[in-house]
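In: the following comprises the amino acid sequence and a computationally predicted model.
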Amino acid sequence: MFAESSLNVRNKRVQNLFRILFMLMTVLLVVPVIIILGTLIYKGGSIISFDFLFTDPTNGMTAGGIFPALLGTIWIVAVALLASVPLGVMAAVYLNEYAGDNWFTRLIQLAIINLAGVPSIVHALFGVGAFVIFFGFGTSILAASLTLAIMTLPVVIVSTRESLRAVPQAFREACWNMGATRWQTIRRVVLPNAVSGILTGVILEVSRTTGETAPIMFTGAAFFLPFLPQSVFDQTMALSLHLFVVATQVPGVPEDLPFGVALVLIAMVLIMNSISIAFRMYLRGKKKW
Amino acid sequence: MQAASTMITDTTQPEYAIRTSKLNLWYGDFQALYDVDLNIKNGMITSLIGPSGCGKSTFLRSVNRINERLGYVRIDGTIDVLNKNIYDPDVELVQVRKQVGMVFQRPNPLPTSIRDNILYGHRLHSQGKKSSRSEQDEVVESALQQVLLWDKVKDRLNQKATELSLEEQQKLCIARLLPVKPSVLLMDEPCSALDPKGTAAVEELIWELRGEYTILIVTHNMAQARRASEECIFMLMGKVVEHQLTQDLFVTPDKKETADYIEGRYG
C-alpha cells in the first residue's frame, strides 16, 4: 500500500534535477567573484607595498605609487557622504514618518525610483552642467562629490526607509499615546532603533561611491596632477579614474601596476562591506523584540 | 491651551468622566458609529462588549483621538472628558493624551530598560526641567508599586523591558501611563495576548486601580467583562444597545439583542 509507485519515482527525479540546477546557478554566481579576486591577487599582489600606497606616481605614471589617487578617492567619498547622508536621511524620515499617502508623496517616490535608474554618465553630464558651470564650482572635488551624492541619494533614501519601516509600529503608538509629538517619537524611539540599518546603508553607499568613474571624470577627477588637493575647490586624482588611465591611456605601464590599483580599489570596497556586515550583526545582536 | 489646562487643574471631580452626545464616526464612506450617547461614571470600570466590528474599539480610540492618525476619519458630535469636549478647536492633543492613557492588546514596551519605560512619559511632560535622580527613583517605584510589579523587578530596573514575560510587560505598559497622572485609562483587549494566569493577574490589577482612575475596557471575553467591570455597555453595528450595571446586564438584560449575544446566539 505504501510502496513507491512509478509516478513517485519520476517526481523525485524531476525534483532532484531542479534542486541541482538551482544549486549550480548559485555556485555560478560565486565563481566570477573568486576569479576576479584571484586574478587581481595573483597579478597585482606583488606590487602592493607601503611605498606603492604612500608615494606619488613617477615616470609618466609607469612607476611609483598611487598616493594622490588614494587620497583623492577618500576626499571625494567623504564630501559626497557629507552631502548625501543628511539630505537622504532627512528625506526618508519625512517620507516614512510624516508624509501621508497622497499623490504628492507618490510622485516623490516615483522620482526617487527614476533617479536610481539614471545612467551614471547622465549624472556626470548633469554634474558638469549644474555644479561645474551653473554653480561655478569648476572641475573640483566639490562638484564631483555633489554629483556622486545625487547619484547615490536614492540608495540612502531607500535603505533608510527600510530601516525605519523595520521599527515596529507599536513603539510609535506607545509614544503617541503618552502624548509624545512625532518629533519626540522619532528622536527618542524611532531613530535610535533604526540607526544600525541607516549606518549599514551609508557604508554600502560608500562602497558604491568609491568605485564610480564616469560621474567624477568630467566634474573633478584629473588624469594626472603634480600636487595634492588643498581644498574642496581643487581638482584631484582618484583611484577609479587612475585605474582607467594606467590600464588604457598610458603606454609602457608594467602589467602588475593596473592590477595593483584594481586590487587596492576592490580591497577598499570589500573592507567597507565587511565593516558594514560586522556592524549590522553587532547591532542586531543587541536589539531584541 | 487655556481650556486644556483648566481641565487638568479642576479638582472637583465630575460625576461622569466621559460623556458623548450624538457621536457619529465615519471611516471614509463607512459609518462606524451611529449617534452614540454615553455617560461613563468617574472612577468606575466600564467594559465595552459586542461582536467584532460593532464599533467598540473605534469608540475607545476616539476617546484619546488616536483615530485621527488615519487621515480619512470624520467625526460628528462631542466627546466630553471631564466636562470638556476634546474635539474643541482650543484643545491641545498632547494634553488629551496625557489625561487619557491607552493600553493595547499586545503589550508594547519600548525596547529600553524597565526604568526608562516608566520615565518616558514623565520626561515628556516635565517641561524641560531635569528631575533629580531621587525624584526619578520615586516616580519609578510608585508606578511599579501601583501595578504590583515593584517586588518582582526592583532589583533589575535596568533590564530590557522586552525581556519580561508578557504579563509583566502589560503591567509595565499600564505603569508607564501613571507618572503623568491620567484620569482615564483606555484598555483595548488588554488580556487577549496573555495566558489565563497572566489574565487573572492583570484583571486583579485593573480591579485595584478602580476608584483612582476611570477605566474603559474593550473585551471580546464576556466572562472577563462580567468578572472585571462594574458597568457594561453592549454595542452592535455601531450603536449602543444597552448600558447597565454589569451584574444586571448579564442577569436581566433589557434588550433582546443583548440577551441573544450573551447567551451566545451570535457573535
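Out: That came in fine, so what should we check first?

In: would you agree B:Pro51 is in contact with B:Leu236?
Out: Yes - the pair B:Pro51 and B:Leu236 qualifies as a contact (C-beta atoms under 8 Å) at a distance of 7.0 Å. C-beta: built from backbone N, CA, C; applies to glycine.

In: out of those two, which sits in the more crowded spot?
Out: B:Leu236 (22 against 14; other C-beta atoms under 10 Å in any protein chain shown).

In: contacts only, for that one.
Out: B:Gly50, B:Pro51, B:Cys54, B:Glu257, B:Tyr261 (C-beta atoms under 8 Å, 6 or more residues apart in numbering or on different chains).

In: same thing but 10 Å
Out: B:49-51, B:53-56, B:242, B:255, B:257-258, B:260-261, B:266-267 (C-beta atoms under 10 Å, 6 or more residues apart in numbering or on different chains).

In: also B:Gly211?
Out: Per C-beta under 10 Å, 6+ apart, neighbours of B:Gly211: B:Asn42, B:Gly43, B:Met44, B:Ile45.

In: which stretches of chain A have low pLDDT?
Out: A:286-289 (pLDDT under 70).

In: can you pull out the strands in it?
Out: With DSSP state E, the ranges of strands along chain A come out as A:57-58, A:63-64.

In: now chain B
Out: With DSSP E as the criterion, chain B has strands at B:16-27, B:30-41, B:45-49, B:73-81, B:84-85, B:100-103, B:184-188, B:214-218, B:231-236, B:239-245.

In: could you dump the ones you listed into a markdown table and include mean pLDDT and distance to A:Leu191?
Out: Shown next, in a markdown table, are the strands of chain B (pLDDT from 0 to 100; distance: least, C-beta to C-beta, whole Å):
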| stretch | mean pLDDT | distance to A:Leu191 |
| --- | --- | --- |
| strand B:16-27 | 92 | 31 |
| strand B:30-41 | 93 | 34 |
| strand B:45-49 | 94 | 36 |
| strand B:73-81 | 92 | 28 |
| strand B:84-85 | 92 | 34 |
| strand B:100-103 | 92 | 23 |
| strand B:184-188 | 94 | 27 |
| strand B:214-218 | 94 | 32 |
| strand B:231-236 | 93 | 40 |
| strand B:239-245 | 93 | 42 |
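
In: dump those into CSV; add distance to A:Met1 as well.
Out: Formatted as CSV, those follow (distance: least, C-beta to C-beta, whole Å):
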stretch, distance to A:Met1
strand B:16-27, 56
strand B:30-41, 55
strand B:45-49, 53
strand B:73-81, 61
strand B:84-85, 74
strand B:100-103, 56
strand B:184-188, 53
strand B:214-218, 54
strand B:231-236, 54
strand B:239-245, 58
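
In: which one of those strands lies nearest to A:Pro192?
Out: strand B:100-103 (22.6 Å; C-beta to C-beta).

In: just give me the neighbour total for residue 14.
Out: Picked chain A for this. Neighbours of A:Val14 under the rule other C-beta under 10 Å: 10.

In: you looked at the wrong chain, it should be chain B
Out: Other residues near B:Pro14 number 14, with proximity taken as other C-beta under 10 Å.

In: what sits closest to it if chain neighbours are left out?
Out: Among residues not flanking B:Pro14 along the chain, B:Asn83 sits closest, at 5.2 Å (C-beta to C-beta, 6 or more residues apart in numbering or on different chains).

In: pretty sure the one you found contacts B:Tyr16?
Out: Yes - judged on C-beta atoms under 10 Å, B:Asn83 makes contact with B:Tyr16 at a distance of 8.2 Å.

In: residues near residue 20, how many?
Out: You didn't pick a chain, so chain A it is. Using other C-beta under 10 Å, A:Ile20 has 10 other residues around it.

In: switch to chain B, please.
Out: B:Thr20: 23 neighbours (other C-beta under 10 Å).

In: rewinding a little: for the contacts of B:Leu236, which one is nearest B:Val73?
Out: Relative to B:Val73, and with distances defined as C-beta to C-beta, the nearest of these is B:Gly55, at 12.7 Å.

In: pLDDT at the closest residue to that closest one other than its chain neighbours, what is it?
Out: With C-beta to C-beta, 6+ apart as the criterion, B:Gly55 has its nearest non-adjacent residue at 4.2 Å, and that residue is B:Gly238. pLDDT for B:Gly238: 92.

In: how far away is A:Val14 from A:Leu24?
Out: 16 Å (C-beta to C-beta, to the nearest Å).

In: do the same with A:Val195
Out: Counting by C-beta to C-beta - A:Val195 and A:Leu24 are separated by 40 Å.

In: hey, what's in contact with both of B:Pro51 and B:Leu236?
Out: B:Tyr261, B:Tyr266, B:Gly267.

In: wait, what's in contact with the residue nearest to B:Gly55?
Out: B:24-25, B:30-36, B:50, B:53-56, B:58-59.

In: of those, which is the nearest to A:Ala174?
Out: Closest to A:Ala174, out of all of those and judged by C-beta to C-beta, is B:Thr58, at 19.9 Å.

In: chain neighbours aside, what residue packs nearest to A:Gly211?
Out: A:Gly211's closest residue in space is A:Ser240 (C-beta to C-beta, 6+ apart), at 5.6 Å.

In: for chain A, what lies in contact range of chain B?
Out: Within chain A, the residues that sit near chain B (C-beta under 10 Å from any C-beta of the partner chain) are A:100-102, A:167-181, A:184-185, A:188-189, A:192-193, A:286-289.

In: can you go through those residues and name the buried ones?
Out: A:167, A:170-180, A:184-185, A:188-189, A:193 (16 or more other C-beta atoms under 10 Å in any protein chain shown).

In: okay then, goodbye and thanks.
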